[in-house]
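1. heads up, no residue letters with this:
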């Protein structure tokens with residue numbers, strides 16, 4: 001049995017991470033991407049675009 005790390009990042013964190021490269025939000029997103037699979041909803045992808 002393996003333990004997966006799960007991260008829950010709301011839309012505000014995702015948007016902040018995209019807009020501000022040296023923010024805490026970006027650090028959180030980078031850590032989540034480095035240690036697990038990050039999934040996003042279609043709504044988040046539309047907002048980011």
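-> Done, it's in. Everything numeric here is computed off the predicted structure, so don't read it as measured data. Numbering: from 1, shown residues only.
2. shaky segments in the chain?
-> Under the criterion of pLDDT under 70, the regions of the chain flagged as low confidence span 1-3, 42-49.
3. Of all the helix elements in it, which one is longest?
-> Scanning the chain for the longest helix, with DSSP state H as the assignment, gives helix 24-35.
4. which residues touch that one?
-> By Cβ atoms under 8 Å, 6 or more residues apart in numbering, the surrounding residues in contact with helix 24-35 are 5, 7, 9, 12, 13, 14, 16, 17, 20, 38. No exception for glycine: its C-beta is placed from N, CA and C like everyone else's.
5. one more time with 7 Å, if that's ok
-> Judged by Cβ atoms under 7 Å, 6 or more residues apart in numbering, the contacts made with helix 24-35 from elsewhere in the structure are 5, 7, 9, 13, 14, 16, 17, 20, 38.
6. tell me the phi and psi of the fourth one?
-> Put plainly, it is residue 13. Its backbone dihedrals place residue 13 at phi -70, psi -40, with angles given as degrees, to the nearest 10.
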